[in-house]
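In: Provided below are the primary sequence and the corresponding predicted coordinates.
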Amino acid sequence: MCTIFTLGKNMNNVLLALGVGIHIRRQLFIVSDSNETVQQISLSADTVRKNMYPSILKPTVISVDWLNDRVYILSRNRIFGCPLARDDCIVVVDSLPVPPGDLKVDPVNGFLYFTQDGEGKGLYRIDLADISPKRRVQPTQIVTINHLKAFMIDFETVRLYFPNHTRNTMLSSFVDGSDIQDIRPNVIMPNYKHIISLTGYDNRFYWTNGSEMMSEEFDPRFEKYRHNELLFFDKYYRGLNMYHPRMQPTPVPHAAPMNLQALFEPTEAHIKWDPPPLLQYQGE
């Protein structure tokens, strides 16, 4: 099933989507457009909330924290964090050397990731617990790879996936940037160059260079991957997302809570506990 939404028109009779974030549980699309506004499109109510963050100038890439109902938005060399319900945004990261090409939040493990394009740059992250309206956060570079513009997070494998433009292949690392592996060494005529947006599902990637939409499939006869162009008869693509519940999971504890206490009254119970310890790769 394919659903098409029209954002509207501007003075040039064309309104383009620059970034797309999704909130699967609430059935929302958050879209930045070429009118320099952010719109919220509700699938359940069939409504559009226009210009929901007027305080942000030139919004582009968008990522949604579905667990805490927050939206992270790229605006030139800044990253903003905003509540889903109102225009009360704060600057999370300021004065970046170049505008990030991609931005994704991982509320399950507690990090915000973004890319920086250029020599010696790559993939960066910040701990969500460090975000505060009183201070700017200093990002940590976790992967050094030239000309990186796109990546994706797999919450089931706890890994990151990103293209290597120079080697024309797809790489994978742990969520902290360690254990980098080439996961697509056997591809017939690979086409992993100039990727600006990337998503995937069930061990299959989908990506775009801005003018073409590509996917891959495994050929068991030759034990190699093949690339296919997806023909949507358009020449402008941005903000790829996979609309599937597995892409925005609800986390479950990896260990039992500690110091469980319960006080029972005739009609209710008061329960108190200490949360289980964080895993080594999780943020604060």
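Out: On my side now, so go ahead. On a predicted model such as this, the values are computed, not experimentally measured, just so you know.
In: Please count neighbours and contacts with C-alpha atoms only from this point.
Out: Noted.
In: Ends of stretch 245-263, what's the gap?
Out: End-to-end distance for stretch 245-263: 36 Å, by Cα to Cα, to the nearest Å.
In: and what of stretch 23-43?
Out: 10 Å.
In: Give me the buried positions along it.
Out: Using 16 or more other Cα atoms under 10 Å as the test for burial, stretch 23-43 gives 23-24, 28-42.
In: Tell me which of these fall in strands.
Out: Residues of those located in strands (DSSP state E): 23, 28, 29, 30, 31, 32, 33, 38, 39, 40, 41, 42.
In: from the residues you listed, which two are the most distant?
Out: 23 and 33 (17.7 Å; Cα to Cα).
In: circling back: which one of the ones in strands among the buried residues of stretch 23-43 is nearest residue 156?
Out: Among these, and counting by Cα to Cα, the member closest to residue 156 is residue 23, at 18.3 Å.
In: who's in contact with the closest one?
Out: 29, 30, 64, 65, 66 (Cα atoms under 8 Å, 6 or more residues apart in numbering).
In: Closest one of the residues you listed to residue 19?
Out: Nearest to residue 19 among the contacts of residue 23, with distances taken as Cα to Cα, is residue 30, at 8.1 Å.
In: so what's the closest one bridging to?
Out: As for beta bridges, residue 30 partners with residue 21, residue 40 under DSSP bridges.
In: Test my guess that it contacts residue 60.
Out: No - applying Cα atoms under 8 Å, one finds residue 30 not in contact with residue 60, separated by 10.9 Å.
In: In the sheet, which residues pair with the spatially most central residue of the chain? Tell me.
Out: When Cα atoms, centre = their mean is applied to the chain, the residue found nearest the centroid is residue 104 (2.8 Å). Judged by DSSP bridges, the bridge partners of residue 104 are residue 113.
In: Distance of it relative to residue 199?
Out: In terms of Cα to Cα, residue 104 sits 11 Å off from residue 199.
In: Ok, residue 25 next?
Out: Distance from residue 25 to residue 199, by Cα to Cα: 19 Å.
In: what's the answer for residue 111, then?
Out: For residue 111, the distance to residue 199 - Cα to Cα - is 18 Å.
In: same question, residue 163
Out: 11 Å.
In: between those two, who's got more neighbours?
Out: residue 163 (27 against 22; other Cα atoms under 10 Å).
In: what pLDDT does the more buried one get?
Out: Here, the pLDDT recorded for residue 163 equals 97.
In: what's the answer for residue 84, then?
Out: Reported pLDDT for residue 84: 96.
In: so it touches residue 71, yeah?
Out: Yes - with contact defined as Cα under 8 Å, residue 84 reaches residue 71; the gap is 6.0 Å.
In: Quick check: which ranges of this structure have low pLDDT?
Out: 1-13, 279-281 (pLDDT under 70).
In: make it 80
Out: Where the chain drops to pLDDT under 80, the residues are 1-14, 252-257, 275-284.
In: Helices of that one, start to end?
Out: Applying DSSP state H to the chain gives no helices.
In: between residue 104 and residue 199, what contacts are shared?
Out: Both residue 104 and residue 199 are in contact with residue 152, where contact means Cα under 8 Å, 6+ apart.
In: give me the beta-bridge partners of the nearest residue to residue 62 once chain neighbours are set aside?
Out: Nearest residue to residue 62, sequence neighbours excluded (Cα to Cα, 6 or more residues apart in numbering): residue 73, at 4.7 Å. Taking DSSP bridges as the rule, residue 73 bridges to residue 62, residue 80.
In: again, but for residue 154
Out: Here residue 154, judged by DSSP bridges, has bridge partners residue 159.
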